[in-house]
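In: Give me the fold of what follows.
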Amino acid sequence: MKHGKKYVDAAKLVDRTKVYDPKEALDLAVKTSTAKFDETIEAHIRLGVDSRHADQQVRGAVILPNGTGKKVRVAVFAKGDAAKAAEAAGADIVGAEDLVEKIQNENFLDFDVAIAAPDCMGLVGRLGKVLGPRGLMPTPKAGTVTPDTGKAVEEAKAGKIEYRLDKTNIIHCPIGKASFGADKLGENLDALMEAIVKAKPSALKGQYIKSCAVAATMGPGVKFAANKYLMAPSEK
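Out: Okay, the predicted model is just below:
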């Protein structure tokens with residue numbers, strides 16, 4: 001793949017053979033963000049699990065203390081009081097059968113997070129083939145199937161993100177915008193890494209975190225060490 005001059009110049013700042021301290025890595029990710037827009041900084045965590053086994057799945061959600069820097073559009077499948085609570089909390093669209101039909105018939109997918117009250121999961125199940133591949137299917141594990149729809153909407157708007165393995169056992173997550181600076185990005189990265197470490201499957205034998213990197217949307221990857229996240233609290 002051929003890269004442009006800006007990418008090539010930015011890549012020269014990064015020593016590909018080095019594994020940086022997380023703070024140094026974030027400083028470099030911000031420095032190598034050279035696009036005209038405010039680039040997203042993403043973390044990429046390769047795990048030593050095998051996602052083909054149900055007992056080695058790693059999935060959950062975490063609230064980033066400084067948010068993602070992105071306006072999050074939230075759709076809620078709910079009726080009655082749960083629908084009213086979602087609307088009051090600022091959900092962008094709330095519905096039940098009507099929302100399912102809108103997605104099925106109009107291919108409406110103008111939202112980033114889907115939340116469902118438990119009594120609407122029968123309806124939402126019809127959308128598995130549409131929402132599942134896009135990572136939008138509500139799940140209890142991520143806190144997006146809940147009777148407390150208002151709280152779930154507030155958390156999503158505040159910067160709650162879901163993390164999950166892809167088919168190559170890597171977790172890809174946004175941790176904020178380049179304009180946040182390394183300190184705020186560092187707080188968000190700490191929250192994500194601590195959540196992933198806590199989610200380590202008990203069935204896993206061997207090394208859990210294989211490698212980690214951060215990168216701006218249009219920038220090169222910068223490897224960082226995960227050691228500090230794997231220490232016992234007394235060792236930190």
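
In: Following the chain onward from the least confident helix or strand in the chain by mean pLDDT, which element is next?
Out: Within the chain, no helix or strand scores below helix 5-11, which has a mean of 72 by mean pLDDT, DSSP states H and E. Note on helix 5-11: by DSSP states H and E, the next helix or strand toward the C-terminus is helix 22-31.

In: same for that next one, what does it pack against?
Out: Counting contacts by 3 or more Cβ pairs under 8 Å, 6 or more residues apart in numbering; DSSP states H and E, helix 22-31 is packed against strand 40-47, helix 181-198, strand 209-216, strand 222-223. For every residue, glycine as well, the C-beta is placed using N, CA and C.

In: repeat that with 10 Å
Out: helix 5-11, strand 40-47, strand 170-177, helix 181-198, strand 209-216, strand 222-223, helix 227-230 (3 or more Cβ pairs under 10 Å, 6 or more residues apart in numbering; DSSP states H and E).

In: model confidence over the longest one, on average?
Out: Confidence over helix 181-198 (mean pLDDT, whole number) is 96.

In: Off-centre distance for that helix?
Out: Distance, stretch centre to chain centre, for helix 181-198: 12 Å (Cα atoms, centre = their mean, to the nearest Å).

In: mind giving me the domain split of this structure?
Out: Using automatic domain parsing, the domain ranges for the chain come out as 5-67+160-235, 74-158.

In: How many residues are close by the residue lying closest to residue 201 once chain neighbours are set aside?
Out: Using Cβ to Cβ, 6 or more residues apart in numbering and skipping residues adjacent in sequence, the residue nearest residue 201 is residue 56, 4.8 Å away. Number of residues near residue 56 (other Cβ atoms under 10 Å) recorded here: 19.

In: Then residue 197?
Out: By other Cβ under 10 Å, 15 other residues sit near residue 197.

In: quick one: low-confidence ranges for the protein?
Out: For the chain, the stretches flagged by pLDDT under 70 are 1-4, 232-236.

In: distance of residue 218 from residue 162?
Out: Relative to residue 162, residue 218 is positioned 24 Å away (Cβ to Cβ, to the nearest Å).

In: er, residue 204 I mean
Out: Here the distance between residue 204 and residue 162 works out to 21 Å (Cβ to Cβ).

In: cool, residue 77 as well?
Out: Where residue 162 is concerned, residue 77 sits at a distance of 17 Å (Cβ to Cβ).

In: Of the two, which one has the most company?
Out: Between residue 77 and residue 162, counted using other Cβ under 10 Å, residue 77 has the larger neighbour count: 29 against 18.

In: surely that one meets residue 123?
Out: Yes: the pair residue 77 / residue 123 is scored as a contact, 6.3 Å apart, by Cβ atoms under 10 Å.

In: Now do the shared contacts for the two.
Out: Common neighbours of residue 77 and residue 123, using Cβ atoms under 10 Å, 6 or more residues apart in numbering, are 95-97, 99-100, 116.

In: Leaving aside the residues adjacent along the chain, what's closest to residue 110?
Out: residue 73 (6.5 Å).

In: Burial check on residue 138, number of neighbours?
Out: Residues lying near residue 138 (other Cβ under 10 Å) number 24.

In: contacting residues for it?
Out: Residue 138 sits next to 75-77, 113-118, 120-121, 124, 127, 131, 144-146, 152 when contact means Cβ under 10 Å, 6+ apart.
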